[in-house]
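Chemist: Got a predicted structure here, sequence first:
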Amino acid sequence: MVNMNSLIGRLPSPWPEYWRLARLDRPIGILLLLWPTLWGLWIASNGMPSLHLLIVFIGGTVLMRSAGCVINDYADREFDGHVERTRHRPLAAGTVKPKQAILLAIFLSLIAFVLVLSCNALTIFLSFPAALLAASYPFSKRFFPLPQAWLGIAFGFGIPMAFAATHGNVPTLAWVLCAANMLWSIAYDTEYAIVDRPDDLKIGIHTSAILFGRFDVTAIMLCYLGALILLCIAGQMAGLGLFWNLGITIAACISLYHGWLIKERNRLLCFKAFLHNNWWGASIFIGLALDRGFFL
């Protein structure tokens with residue numbers, strides 16, 4: 001198997017630094033953004049999305065997540081050097097200049113917008129608040145006590161866009177899926193925030209781990225529960241059946257496993273739980289795809 005990170009690392013500077021700045025060496029963020037987008041696309045299309053929409057939404061997911069990471073690191077460039085986990089990021093380490101980062105974010109966003117231009121007018125219209133949410137999330141940590149909710153809305157905006165691209169409207173079902181994704185995002189990003197909580201307290205930014213305090217584990221588990229309940233409701237609204245419910249059951253078991261991992265708030269285990277959320281999102285999608293006969 002070709003190791004892309006190894007291949008990119010052989011390129012002349014600054015390309016390896018751009019690759020790292022866009023976090024393409026760490027695809028977990030792409031997957032956490034991709035799964036809810038695919039939920040929306042599969043339900044909206046009754047399990048038969050067109051190749052055109054698959055290219056638009058998968059490509060758009062990769063591009064906008066990458067652009068969002070660049071903007072995030074630009075916004076946090078004065079803070080990241082003081083956080084153990086982020087001090088080697090390209091902007092914090094000085095291997096990429098702020099102007100280069102801005103140009104890269106604009107370039108990635110423009111390519112994503114070109115993809116969206118091949119869709120209908122409503123989808124194009126929705127792309128503007130989607131871009132605004134993605135661009136503003138990094139700055140929300142300065143003033144908003146629960147920025148993980150902001151992230152969840154931004155990460156879920158592919159859902160109404162998928163319905164808009166498929167049907168030309170956004171039904172209530174899409175917003176129920178969005179709400180489920182927001183709660184899931186708060187759960188997994190709070191696990192992530194626990195890892196950085198000591199550093200975040202020092203530099204004075206807001207996170208859900210700080211807001212929830214000693215109730216952080218309880219809040220995470222309640223968010224998982226709320227997300228699962230909303231997904232059950234969404235399944236009933238969409239007429240989904242056995243395999244969808246099986247996927248939700250597997251996700252519920254994964255949630256319990258995460259609760260066990262994070263109960264002592266060990267930073268390494270909290271980060272492991274965060275990474276493991278890929279399987280939470282995947283189980284929901286596989287159940288959905290099986291319910292719509294995609295693999296049968």
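Modeler: Arrived safely. Numbering: from 1, shown residues only.

Chemist: my read: R267 touches A193, true?
Modeler: No: applying Cβ atoms under 8 Å, one finds R267 not in contact with A193, separated by 10.9 Å. The way it works is simple: take the backbone N, C-alpha and C, and place the C-beta from them, glycine included.

Chemist: Between those two, point out the one with more neighbours.
Modeler: The neighbour comparison of R267 against A193 (other Cβ atoms under 10 Å) goes to A193, with 24 against 14.

Chemist: Which helix or strand contains the more buried one?
Modeler: Assigned by DSSP states H and E, A193 falls within helix 172-203.

Chemist: now for that helix, which elements pack on it?
Modeler: Helix 172-203 sits against helix 28-44, helix 147-156, helix 158-167, helix 208-212, helix 216-238, helix 242-262, helix 267-291, with contacts defined as 3 or more Cβ pairs under 8 Å, 6 or more residues apart in numbering; DSSP states H and E.

Chemist: how about it: buried residues?
Modeler: Neighbour-count burial for helix 172-203, counted by 16 or more other Cβ atoms under 10 Å, picks out 173-174, 176-197, 199-200.

Chemist: The nearest residue in space to L126 that is not next to it in sequence: neighbour count?
Modeler: With sequence-adjacent residues excluded and distances taken as Cβ to Cβ, 6 or more residues apart in numbering, L126 is closest to M161, at 4.9 Å. Neighbourhood size, M161 [other Cβ under 10 Å]: 29.

Chemist: pretty sure M161 contacts S127?
Modeler: Yes: between M161 and S127 a contact is recorded at 6.8 Å, counting by Cβ under 8 Å.

Chemist: picking that back up, figure out which of the helices and strands packed on helix 172-203 is closest to A131.
Modeler: helix 147-156 (9.4 Å; Cβ to Cβ).

Chemist: angle of that closest one against helix 172-203?
Modeler: Helix 147-156 runs at 140 degrees relative to helix 172-203, counting by axes from the mean of the first three to the mean of the last three Cα atoms, to 10 degrees.

Chemist: Which strands and helices lie in contact with helix 147-156?
Modeler: On a contact count with 3+ Cβ pairs under 8 Å, 6+ apart, helix 147-156 meets helix 28-44, helix 121-140, helix 172-203, helix 208-212.

Chemist: What lies in contact with it?
Modeler: The contact list for helix 147-156 (Cβ atoms under 8 Å, 6 or more residues apart in numbering) reads 32-33, 36, 68, 130, 133-134, 136-137, 140-141, 144, 177-178, 181-186, 189-190, 193, 206-208.

Chemist: gap between it and the chain center?
Modeler: Taking Cα atoms, centre = their mean, to the nearest Å, one finds the center of helix 147-156 at 8 Å from the center of the full chain.

Chemist: What of stretch 183-198?
Modeler: The answer for stretch 183-198 is 12 Å, by Cα atoms, centre = their mean.

Chemist: Can you tell me the centre-most residue of this structure?
Modeler: Nearest residue to the geometric centre of the chain (Cα atoms, centre = their mean): L33, 3.4 Å.

Chemist: Who are the contact partners of that residue?
Modeler: Contacts of L33 (Cβ under 8 Å, 6+ apart): T61, M64, R65, F155, G158.

Chemist: Which helix or which strand is home to L115?
Modeler: Applying DSSP H and E, one finds L115 within helix 98-116.

Chemist: what helices or strands is that helix leaning on?
Modeler: Secondary-structure packing of helix 98-116 (3+ Cβ pairs under 8 Å, 6+ apart): helix 15-21, helix 51-75, helix 90-93, helix 121-140.

Chemist: swap the cut-off to 6 Å and go again
Modeler: helix 51-75 (3 or more Cβ pairs under 6 Å, 6 or more residues apart in numbering; DSSP states H and E).

Chemist: What residues sit buried inside the helix it packs on?
Modeler: The neighbour-count check on helix 51-75 (16+ other Cβ under 10 Å) flags 53, 56-58, 60-75 as buried.

Chemist: do stretch 239-258 as well
Modeler: Here stretch 239-258 shows L240, F243, W244, N245, G247, I248, I250, A251, A252, I254, S255, H258 as buried, counting by 16+ other Cβ under 10 Å.

Chemist: Dump these to a markdown table, plus distance to R89.
Modeler: Listed next are the buried residues of stretch 239-258 as a markdown table, based on distance: Cβ to Cβ, whole Å:
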| residue | distance to R89 |
| --- | --- |
| L240 | 41 |
| F243 | 40 |
| W244 | 39 |
| N245 | 41 |
| G247 | 35 |
| I248 | 36 |
| I250 | 34 |
| A251 | 31 |
| A252 | 35 |
| I254 | 29 |
| S255 | 30 |
| H258 | 26 |
